[in-house]
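In: Requesting a structural model of the entry that follows:
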Amino acid sequence: MLSTRAAQVSSRVVRKILPGQRQAALIAVRRRDNIPVRSIQSAVQTDRDTITRLLYSLGSKREVERHLRIFSSASNPVQPARFAVIKVGGAVLGNIDDLAHSLSFLYRVGLYPVVLHGAGPQMNDILEAEGVEPDYIDGIRVTDANTLQIARRVFLEENLKLVGTLEKLGTRARPITSGVFTADYLDRPRYGLVGRITRVDKRPIEASIRAGALPILTSLAETPEGQILNVNADVAAGELSKELEPLKIVFLNDKGGLFHGVTGEKLDVINLDEEYDQLMKEPWVKFGTKLKLREFKELLDHLPRSSSVAVISAANLQRELFTDSGAGTLIRRGYRLTKYNTLASIGPDRFRQVVHERDPDVRAGTASVAGILAELERAPFTIYADEPLDSVAVVSHPEGEIPVLTRLLPSRAGVLNGVLDNVWNAVRKDHRKLFWTAPVDDENRPWHFERADGSFTRGSRTLFWYGVTDATELDHAVHSLEQNKRIPRTYLPVGPSRVTSGLGGSRAYSTFTRRTPASTRSYATAAAPAPPVQHTTERKRLALVGARGYTGQTLVKLLSSHPYLDLTHVSSRQLAGRALEGYTKGSVTYSNLGVSDVQKMESEGAVDAWVLALPNGAGAPFVAALDNGAKEKEQKGVKAGAAVDLSADWRFDDGWTYGLPELYNRHVIRDATRIANPGCYATTIQLLIAPLLPYLKHGCWPTVFGVSGYSGAGTVSAQTADGQPTSIPKIPAESLGGAIRPYSLTDHVHEREAGRHLSRLLPNPSANLKASDAMQVAFVPVVAPWFSGIICTLSMPLASKATATDIRALYEEKYKNERLVRVQTAIPCLADIAGKQGAVIGGVQVHSGGERVVVVGGLDNLLKGAATQCLQNLNLALGYDECEGIPNDR
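Out: Take a look at the predicted model:
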């Protein structure tokens, strides 16, 4: 069995340092300079990599990595229990080794499910041995004081048995047998000591995960007065899921799924929105199955559409979670699909908005929404879509001609939740043959290859098809589509040469066989693409100097979810000796690193990177120490550690790399060791102005009015009532009296910072740019009584007339491939910005004269304005993917 093999391998890999021992080992390493931390971290990373490779035997590498990425990003430091709730039936506990190996497998790849178990069969065995006949009413166990005493004993024994088995495998687990569920009596006269859950306290669960242990729960609850009550484990799992909102709710049973009552075949997928009503009418759906389906529907109706239920056996848990085909029964809400034959039936405004936001040709500026709608009306068509339009497909099908999929417009949620596949299946059901094209840089490109019988790439687009297997028929079909202008000629070769291709010299559009996802394709005429940037997954160490303020605290939380970068040192003079809060990957204690400590650590390679989160003007001695340590390091032939400074001290220094990847230096940052993190206002200002520089009217400089939450002013040291050090806002919200307060009305440092760096983007910039020719920005900042979030309004004269559509196209083109910059139609508001990882730009309006534009943009000053941008720069400098560890909240 794969999970057993993985656990055995992982136990061998980390024989000396098991997860339960990791914290103590790291502390010991930190205290002894002569023992490298890297060896421990490499063992842990090797453990994860080994098991991840084992997963590839279940499905394709792409689907395994996609599921891993989705599950890993589901949780975050604030909500660490969003991956899965796994309900374990009592019968499954009878084969505890299979169960423990499956759970250990998840733990080894960094996933922390919340496990809740029953113990019904075990209870029945004991009751029968003692001569007590189990009593059920309406399927609910009647529980008297004697039964409850036995239930409590059995639950505790089974809980500790599972925890002990996991610990033997090197998987940390924490028994949680009380304190989570509060309940009232369900119906005391009828059922006795049986509870109806009224409250779920997730704090013990989250504390367990933050401590690096799997939480193992029983379904016992307590009344507010402390009386223990028995609760059905399925019901408890449902209530727990409603509180945690996990991606997956897994019900483990010994059957491994739900089965058709007549044929006996396992049901693979149930889409409740489409199938529930019909299923409940089927004669083979008896009482027990009906009850399960009704419970699943009620549960999923309370959860986001991204959540789903899986019924599976413990032995096949990995195949269900990490492959598209699965192994048990998947139950999801899905979406009811609808076909539309007119724009009026789908709603022209809704459809127009989808095309505007998702169509790659519109986003690239090579097509317009109006043009696409006009083209659509020229021939009969069908639009396939789910209710909220998360996935939309448009098929043109003139009478007597081969259908062409002219538009495929899925949202990210539509891809992740399987809606795109549902839409595709509906299209495939209606059309035996189909042609379609997609850009070569389409982020879902592998999806197209997996569903095509063949393809051909020319220039920037690929032609796909299915249902045509004969070379002569294909040749005729392609020329017919060309002549009728249903596929532009520029996508296809003009009289391509014939080559020998294993198909008897047939025309080399592509091979006709369906490729597996992991296979590669060759193209007859496409130029070889530039080699992709190779990202490392090597585990590396980070030191944070100045962790007391808001930015330092926010960065700590982000680092908790970074799969490869570990925070090993934090320094704060006021907090030295205290435990670091908010970091969940291990135990770290504040130290008070001096200049000599920093130089020694850099020289000896104690860490791979540094973040300086010190007040303006305070970082110079530490930078000098890093430089001295780096010189000693380089004498040994070792590259200096990367350092990101969050203050304004080095943003005007040409010896440092300015770290705003969306506009400058992305390739330079990858090799940089000294990176100046931009200011929060300066980031917003530059993102707003940069796309408009072609319209810049020299001598009439842009004006920006910026409003920021009070966290942007920073913190000051203070003491709690019991004399403990703490931080408080430099400008408390109450001091503003509910109003806003302008400050630094001229010469704000971010005004100069933005102007200096934007000057580099001007036409023909030179190193000796005159002050009169340099870019200038007029900036007025204001502090507001909310905590975090910046909203900036740009007003900029234009050198030539333009429309709002022209301007919006500039922004969309500039940021079309930037995950952390979103362009929208509406004016950004605080809800679009606060707590979000990226920047938002919108509300483009042009004055009636066409010579002045107003645009609104914003970001969270603690995230994209500071900590998130810092992590972007660290990722680039350390060789990781740029957005590694940054939650995708678009």
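In: For the rest of this, base every contact and every neighbour count on C-alpha atoms.
Out: OK.
In: what about the strands in the stretch 451-600 of the chain?
Out: 454-458, 461-466, 540-545, 565-571, 590-591 (DSSP state E, counting those that start in this stretch).
In: What strands line up against the first one, and which way round?
Out: Here strand 454-458 has these sheet partners by DSSP bridges: strand 461-466 (antiparallel).
In: Which residues does the strand it pairs with contact?
Out: Counting by C-alpha atoms under 8 Å, 6 or more residues apart in numbering, strand 461-466 makes contact with 432-440, 448-449, 451-457, 491-492, all of which sit outside it.
In: Need the strands of the stretch 451-600 of the chain in JSON lines (columns: mean neighbour count).
Out: JSON lines is the format used below for the strands of the stretch 451-600 of the chain (neighbours: other C-alpha atoms under 10 Å):
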{"stretch": "strand 454-458", "mean neighbour count": "23"}
{"stretch": "strand 461-466", "mean neighbour count": "21"}
{"stretch": "strand 540-545", "mean neighbour count": "22"}
{"stretch": "strand 565-571", "mean neighbour count": "22"}
{"stretch": "strand 590-591", "mean neighbour count": "21"}
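In: For those strands, give me TSV that also has distance to Trp701.
Out: Converted to TSV, the strands of the stretch 451-600 of the chain look like this (distance: least, C-alpha to C-alpha, whole Å):
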stretch	distance to Trp701
strand 454-458	44
strand 461-466	41
strand 540-545	38
strand 565-571	42
strand 590-591	46
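In: Gln227: which of these is closest?
Out: Using C-alpha to C-alpha as the measure, strand 590-591 is the one of the strands of the stretch 451-600 of the chain that comes nearest Gln227, at 42.1 Å.
In: hmm, back to that, list buried residues within the contacts of strand 461-466.
Out: The neighbour-count test (16 or more other C-alpha atoms under 10 Å) marks 434-440, 448-449, 451-457, 491-492 as buried among the contacts of strand 461-466.
In: In helices, which of these fall?
Out: Among the buried ones among the contacts of strand 461-466, the members falling in helices (DSSP state H) are His448, Phe449, Arg451.
In: Could you tell me the per-residue confidence at the second one?
Out: Read it as Phe449. Listed pLDDT for Phe449 reads 85.
In: Now stretch 635-654: buried residues?
Out: Buried residues in stretch 635-654, counting neighbours by 16+ other C-alpha under 10 Å, are found at Ala640, Gly641, Ala642, Ala643, Val644, Asp645, Leu646, Ser647, Ala648, Asp649, Trp650, Arg651.
In: Let me fix that, I meant to ask about stretch 787-799.
Out: Of the residues in stretch 787-799, those scored as buried under the neighbour-count criterion (16+ other C-alpha under 10 Å) are Phe787, Ser788, Gly789, Ile790, Ile791, Cys792, Thr793, Leu794, Ser795, Met796, Pro797, Leu798.
In: ok, the last one - contacts?
Out: So that's Leu798. For Leu798, the contacting residues are Tyr695, Leu696, Lys697, Gly850, Glu851, Arg852, Val853, taking C-alpha under 8 Å, 6+ apart as the criterion.
In: what's the answer for the second one, then?
Out: Going by C-alpha under 8 Å, 6+ apart, Ser788 touches Ser708, Gly709, Tyr710, Ser711, Gly712, Ala834, Gly835, Asp860, Asn861, Leu862.
In: Next, the closest residue to the first one other than its chain neighbours: phi, psi?
Out: This points to Ser708. Nearest-residue entry for Ser708: Ile790, 4.3 Å, with adjacent residues in sequence omitted and distances by C-alpha to C-alpha, 6 or more residues apart in numbering. Here is the backbone geometry of Ile790 (degrees, to the nearest 10): phi -110, psi 130.
In: quick one: Ile790 and Ala682, what's the gap?
Out: For Ile790, the distance to Ala682 (C-alpha to C-alpha, to the nearest Å) stands at 11 Å.
In: repeat for Tyr695
Out: 20 Å.
In: Same check on Gly629?
Out: When Gly629 is compared with Ala682 (using C-alpha to C-alpha), they lie 31 Å apart.
In: for Asn592, same thing?
Out: In this structure, Asn592 and Ala682 are separated by 31 Å, where distance is defined by C-alpha to C-alpha.
In: With Val180 instead?
Out: As it turns out, when the distance is counted by C-alpha to C-alpha, Val180 lies 46 Å from Ala682.
In: The stretch 151-300 of the chain: helices as residue ranges?
Out: 188-191, 203-210, 233-244, 272-281, 287-301 (DSSP state H, counting those that start in this stretch).
In: Now render these as CSV, adding distance to Leu148, mean neighbour count and mean pLDDT.
Out: As requested, those are exported to CSV (distance: least, C-alpha to C-alpha, whole Å; neighbours: other C-alpha atoms under 10 Å; pLDDT from 0 to 100):
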stretch, distance to Leu148, mean neighbour count, mean pLDDT
helix 188-191, 12, 13, 92
helix 203-210, 23, 20, 93
helix 233-244, 14, 21, 93
helix 272-281, 35, 14, 84
helix 287-301, 25, 16, 84
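In: Distance to Gly94 for those helices - can I get that in a markdown table?
Out: A markdown table is the format used below for the helices of the stretch 151-300 of the chain (distance: least, C-alpha to C-alpha, whole Å):
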| stretch | distance to Gly94 |
| --- | --- |
| helix 188-191 | 27 |
| helix 203-210 | 25 |
| helix 233-244 | 16 |
| helix 272-281 | 32 |
| helix 287-301 | 23 |
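In: Which among these is found nearest to Leu106?
Out: Minimum separation from Leu106 across the helices of the stretch 151-300 of the chain (C-alpha to C-alpha) falls at helix 203-210, 13.0 Å.
In: what's next to that closest one, contact-wise?
Out: 77, 79-81, 112, 114, 174, 176, 179-180, 214-215, 583-585.
In: rerun at 7 Å
Out: When contacts are taken as C-alpha atoms under 7 Å, 6 or more residues apart in numbering, the neighbours of helix 203-210 outside the stretch itself are Pro80, Ala81, Tyr112, Arg174, Val180, Leu214, Pro215, Thr584, Lys585.
In: wait, isn't the third one in contact with Leu214?
Out: By that I understand Tyr112. Yes - counting by C-alpha atoms under 7 Å, Leu214 is a contact partner of Tyr112 at 5.8 Å.
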